[in-house]
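Student: missing the sequence, but the structure's below:
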DNA sequence: CACGAATGAACGAGCATTCATTCTTGCTGA
DNA sequence: TCAGCAAGAATGAATGCTCGTTCATTCGTG
C-alpha cells in the first residue's frame, strides 16, 4: 500500500483525518482488487467497485482522480505487498544454499496465496502509463532481491557452479510465478508441495557445485 | 488459422466462394491481431478493426458472430501459428540432447519473432469461454511436444540425470516465453543470442548426466 | 437480372465522470 | 455543557460519450 505518510503528527486532528483517509483508500483498493482479480480491470465498473466497498461512486473520485489511477493503485498495491511479504518470509537460514531454497519456497508460497493477484499484474500492467510501469519493474526486481543475494553469496563461497546470477534468479522468479500463470498445467499433475520440492531439486541439481552436492543431499531428493 | 475446410471441392463455384471467404477471414484476423497486439482486445473497437482491414464494420459480422468470437479467433490463430512453427523449426538433429537444445532455441526464436503475440495470449486468454480456454491449453501443450519428446528420449538413453520430464519441459517453455514476458528485464542485459546460449547452458548444466558432460562441452560454454 | 457481398448510419446499452445536494464531525463561544 | 455552525465527507441522479450490434440499402458479379 503506497499511502502518503502523515507529515505533521504535531496536529492531532490532521493526523486523525489522514488516518481515516488512508483507511478509505485501503478499503477502496481492497474492494477493487477483489473484483479485478476475478474479472480484470475492464470487466469492473466504478459502480461495481463502489458497491463492493459499500460506498457511492462519487466518493471514489475523492481518493482517485480517475479509473486508471485506481487500477494503478491496485496493481502497485499487489506488487508492493509481495515486495514486503517475500523478504519477510525468507527464513533466517545461515547457509546460503539453504537460504536460496528458503527464499524460493517463500516466494512460491506468497504466489500461491495470491494466485489471482499475480495473474492480475500480468494481465493489467500494460494499461499503466510509463511511470506506473517503471514502478512495477522496480518492485518486481526488488522481490527477487533476497533470491539474488543468496545466490550471489553462495557463488562467492564457491558453493555453486559458475552461473549467471541475473539469469538464475529471474528464472526462479518466473518459475515461482508459473505456479500461478500455468496453474492449469501444474495443479492437476502435482500438489503445491511437490511443485516446490521438484523445482527446488531441479534448481539445486543445476547450480550446486559437485564438490558440495553431498551437503545438500536432503534437498536434492529424487524428483517426484 | 482455424478455418473451415472446403467440404465440397466437387463444386468449383462453391470452392471459389469458400476460398474468398477464407481470405477475408484471414484478412480480418490479421488486422485485428495487428491492433490487439498493441492495445489489447479492450483497447480496440470493431470500427478500428474494420478501418485497419479497409472494410466496413458490418462486414465483420458476416464472418464473426460478435467481438468475443473475433478475439478468440485472433488468440487461437496466434497459438495455432506457434503450434505449427515450432515443430517445423526443430532441427533434425540425431542426438537427443542436441535436439533438446535445437528445440529450445527454435522455440525462443519463434517467441522473439512474435513477441507481441505471445504477450497477447497471456493478457487476453481469460476473456475466452471454457471451450476457448481448452483449445488454448491443448495448443500450448502441443507446442511443448518436440521439447518433451527430445527430453524423454535423452532420458531413456541415460544421457540425463533423473529429471521430471513434465517439469523440465514446461520450465523451458516458460523460459522461452520469458523472453517476451520479461523482455524489459532481459533485453537491456543481454542480446537474444546471449539469452538463448545462457539459458541452454543452464538447462544442460542441470540435466546432462555427468558421465556425458564432455560430449556437450561445446554447448555448456561458460555463461555470459 | 438475381443473389450474395458490402456498406455505414442509427440505435441502445453501459460506463466514466460530474456536481448540486445532503450528511457528519468536531470546534467555538456563550 | 452544549447549540449551532462551518468544512469536509459522502451521495447518487444526470450527462455525455464510446462502442457493439443491427439492418435497410447499395454494389458487383456470374
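Tutor: Happy to help now that I have it. Keep in mind that this is a model prediction, so the values were computed, not measured.

Student: mind checking how far the closest residue to residue A:28 other than its chain neighbours is from residue B:70?
Tutor: In space, residue A:28 comes closest to residue A:53 once its chain neighbours are excluded; the distance is 5.4 Å by CB to CB, 6 or more residues apart in numbering or on different chains. Quick note: C-beta positions are derived from backbone N, CA and C, even for glycine. Going from residue A:53 to residue B:70 by CB to CB, to the nearest Å gives 34 Å.

Student: who's more crowded, the two?
Tutor: A count of neighbours by other CB atoms under 10 Å in any protein chain shown puts residue B:70 above the other of residue A:53 and residue B:70, at 23 against 19.

Student: give me the pLDDT for the residue of chain A found nearest DNA strand D.
Tutor: Closest to DNA strand D within chain A is residue A:58: 1.7 Å, counting by CB to the nearest atom of the strand. Looking at residue A:58, its pLDDT is 97.

Student: and it, what helix or strand is that in?
Tutor: For residue A:58, the host element (DSSP states H and E) is helix A:57-63.

Student: what packs against that helix?
Tutor: helix A:12-39, helix A:46-53 (3 or more CB pairs under 8 Å, 6 or more residues apart in numbering or on different chains; DSSP states H and E).

Student: hmm, try it at 6 Å
Tutor: The contact analysis (3 or more CB pairs under 6 Å, 6 or more residues apart in numbering or on different chains; DSSP states H and E) places helix A:57-63 against helix A:46-53.

Student: any bit of stretch A:24-32 sitting next to DNA strand D?
Tutor: Yes: interface with DNA strand D: stretch A:24-32 contributes residue A:24 (CB under 7 Å from any atom of the strand).

Student: what's the average pLDDT for that stretch?
Tutor: On average, stretch A:24-32 scores 97.

Student: now do that stretch: everything it contacts.
Tutor: By CB atoms under 6 Å, 6 or more residues apart in numbering or on different chains, the residues outside stretch A:24-32 that reach it are A:49, A:52, A:53, A:63, A:70, A:73, A:74, A:77.

Student: now do the helix holding residue A:58: everything it contacts.
Tutor: Applying CB under 6 Å, 6+ apart, the external contacts of helix A:57-63 come out as A:25, A:28, A:46, A:47, A:50.

Student: over to stretch A:170-177?
Tutor: Residues contacting stretch A:170-177 (CB under 6 Å, 6+ apart): A:104, A:107, A:108, A:111, A:118, A:144, A:147, A:199, B:178.

Student: nearest to residue B:41, out of these: which one, please.
Tutor: Comparing these against residue B:41 with CB to CB places residue A:118 closest, at 20.8 Å.

Student: OK, contacts around the residue in chain A positioned nearest to chain B?
Tutor: Across chain A, the shortest distance to chain B (CB to the nearest CB) belongs to residue A:206, at 3.7 Å. If a contact means CB under 6 Å, 6+ apart, then residue A:206 has B:205, B:206 as its contacts.

Student: what's the spacing between it and residue A:179?
Tutor: Distance, residue A:206 to residue A:179, by CB to CB: 19 Å.

Student: up against DNA strand C, what does chain A have?
Tutor: Proximity of chain A to DNA strand C, by CB under 7 Å from any atom of the strand, involves residues A:13, A:16, A:44, A:45, A:46, A:47, A:57, A:58, A:61, A:66, A:67, A:68.

Student: for PyMOL, write the select line for the buried members of those.
Tutor: Entered in PyMOL, the line below selects the buried ones among the residues of chain A next to DNA strand C, by 16 or more other CB atoms under 10 Å in any protein chain shown:
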select buried, chain A and resi 44+46+67
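
Student: Serialize the residues of chain A next to DNA strand C to CSV and add fields for distance to residue A:186.
Tutor: Formatted as CSV, these follow (distance: CB to CB, whole Å):
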residue, distance to residue A:186
A:13, 53
A:16, 48
A:44, 28
A:45, 33
A:46, 36
A:47, 37
A:57, 40
A:58, 44
A:61, 41
A:66, 38
A:67, 34
A:68, 33
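
Student: give me the domain ranges for chain A.
Tutor: Chain A breaks down into these domains under automatic domain parsing: A:1-64, A:66-216.

Student: mean pLDDT lowest where, among those?
Tutor: The minimum mean pLDDT among the domains of chain A belongs to domain A:1-64 (a mean of 83).

Student: so how far is the helix or strand hosting residue A:170 off the chain centroid?
Tutor: In this assignment (DSSP H and E), residue A:170 forms part of helix A:165-181. Distance, stretch centre to chain centre, for helix A:165-181: 12 Å (CA atoms, centre = their mean, to the nearest Å).

Student: how about stretch A:129-146?
Tutor: On CA atoms, centre = their mean, the centre of stretch A:129-146 falls 10 Å from the chain's centre.

Student: what lies in contact with it?
Tutor: With CB under 6 Å, 6+ apart as the test, stretch A:129-146 has contacts from A:72, A:76, A:79, A:82, A:83, A:86, A:87, A:90, A:103, A:125, A:169, A:173.

Student: could you find the closest non-adjacent residue to the third one?
Tutor: Nearest in space to residue A:79, with sequence neighbours left out and distances taken as CB to CB, 6+ apart, is residue A:139 at 4.2 Å.

Student: okay, now the one you found: neighbour count?
Tutor: Using other CB under 10 Å, residue A:139 has 20 other residues around it.

Student: try residue A:140
Tutor: The number of residues packed near residue A:140 is 20, by other CB under 10 Å.

Student: could you say which helix or strand holds it?
Tutor: Secondary structure assignment for residue A:140, by DSSP H and E: helix A:130-143.

Student: quick check: angle from that helix to helix A:165-181?
Tutor: Angle of helix A:130-143 versus helix A:165-181, following axes from the mean of the first three to the mean of the last three CA atoms, to 10 degrees, is 100 degrees.

Student: what comes up buried for helix A:130-143?
Tutor: Under 16+ other CB under 10 Å, the buried positions of helix A:130-143 are A:132, A:133, A:135, A:136, A:139, A:140, A:142, A:143.

Student: format these as TSV; extra columns: distance to residue A:191.
Tutor: Below are the buried residues of helix A:130-143 laid out as TSV (distance: CB to CB, whole Å):
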residue	distance to residue A:191
A:132	36
A:133	35
A:135	35
A:136	31
A:139	29
A:140	27
A:142	29
A:143	24
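
Student: distance to DNA strand D added to the residues you listed, as JSON lines?
Tutor: What follows is those, written out as JSON lines (distance: CB to the nearest atom of the strand, whole Å):
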{"residue": "A:132", "distance to DNA strand D": "20"}
{"residue": "A:133", "distance to DNA strand D": "21"}
{"residue": "A:135", "distance to DNA strand D": "26"}
{"residue": "A:136", "distance to DNA strand D": "24"}
{"residue": "A:139", "distance to DNA strand D": "28"}
{"residue": "A:140", "distance to DNA strand D": "30"}
{"residue": "A:142", "distance to DNA strand D": "32"}
{"residue": "A:143", "distance to DNA strand D": "32"}
